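# Compute the structure for the input listed below.
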Amino acid sequence: MTESETVNPLFRESPPSPTEPVVATSSLRALRLARNWKVEDIAARVKYTPRQIDALEAGRFEDLPRGLALRGMVRSYARLMGVDHAALEASLQQYIGPMQGGIANHTSIRALSATHDVDRRPGSVGWLVLILAVVVVACAVAVWQGLVPASLVPEWLRSALR
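Residues are numbered from 1 along each chain as shown. Have a look, this model is predicted:
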């Protein structure tokens, strides 16, 4: 603790009672300290770095990820402390942002939808024809040079290449 925290009792946090909703991230710190847990203990359980846990408890949201990652961190931490996450999420809504459309907008499932347009450029057919022509020429040269055994080459192709 710093000197100002030991002198001024207003800087000391008390853990919220189980019935009151947690709306400030500093309350998470108070709950952690009431259980005598270190930041590293929380970080190991919720799978975020101690630096991120410390930033969340201190309210340094510029050091934290935005959107779903922040929402997941808050939910995991609140669940670990045994408090309801809804009020805490509501107070952090400006940092979390709006969640729209459910899981389909946040995973690769959206690539399977019917509205997904395939980018077909007009030159793709030309490239396919060019690649096929190169493969045919390479095979013909291999047969003509004797690189392919004669038993694998049909008679009509051998006579055409002579």
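
# When you work out contacts or count neighbours from here on, use the C-alpha atoms and nothing else.
Will do.

# check contacts around the most centrally placed residue in the chain.
Closest residue to the average C-alpha location of the chain: Ala69 at 7.6 Å, with Cα atoms, centre = their mean. Ala69 makes no contacts at all, as judged by Cα atoms under 8 Å, 6 or more residues apart in numbering.

# how far away is it from Ser76?
11 Å (Cα to Cα, to the nearest Å).

# Equivalent analysis for Trp37, please.
16 Å.

# who's more crowded, the two?
Neighbour count, other Cα atoms under 10 Å: between Trp37 and Ser76, Ser76 has more, with 18 against 12.

# Leaving out sequence neighbours, find the closest residue to that one.
Distances taken as Cα to Cα, 6 or more residues apart in numbering place Val46 nearest to Ser76, at 5.8 Å, with adjacent residues excluded.

# where's the one you found relative to Met81, distance?
Distance from Val46 to Met81, by Cα to Cα: 11 Å.

# quick check, distance from the helix or strand hosting Val135 to the centre of its chain.
Using DSSP states H and E, Val135 sits in helix 124-144. Its chain's C-alpha centre and that of helix 124-144 lie 42 Å apart, by Cα atoms, centre = their mean, to the nearest Å.

# And stretch 138-150, by the same measure?
50 Å.

# can you give me the end-to-end distance of it?
16 Å.

# Give the buried residues for it.
Ala140, Val143 (16 or more other Cα atoms under 10 Å).

# just to revisit the earlier point, of Val46 and Met81, which one has the most company?
Val46 (19 against 16).

# give the contact list for that one.
Contacts for Val46 were tallied using Cα under 8 Å, 6+ apart; they are Met73, Ser76, Tyr77, Leu80.

# Give me the phi and psi angles of the first one.
Right, Met73. Backbone torsions of Met73, given as degrees, to the nearest 10, read phi -60, psi -50.

# what's the neighbour count on it?
Neighbour count for Met73, taken as other Cα under 10 Å: 20.

# Just the pLDDT for it.
Looking at Met73, its pLDDT reads 88.

# any idea how far it is from Pro65?
Relative to Pro65, and taking Cα to Cα, Met73 is found at 9 Å.
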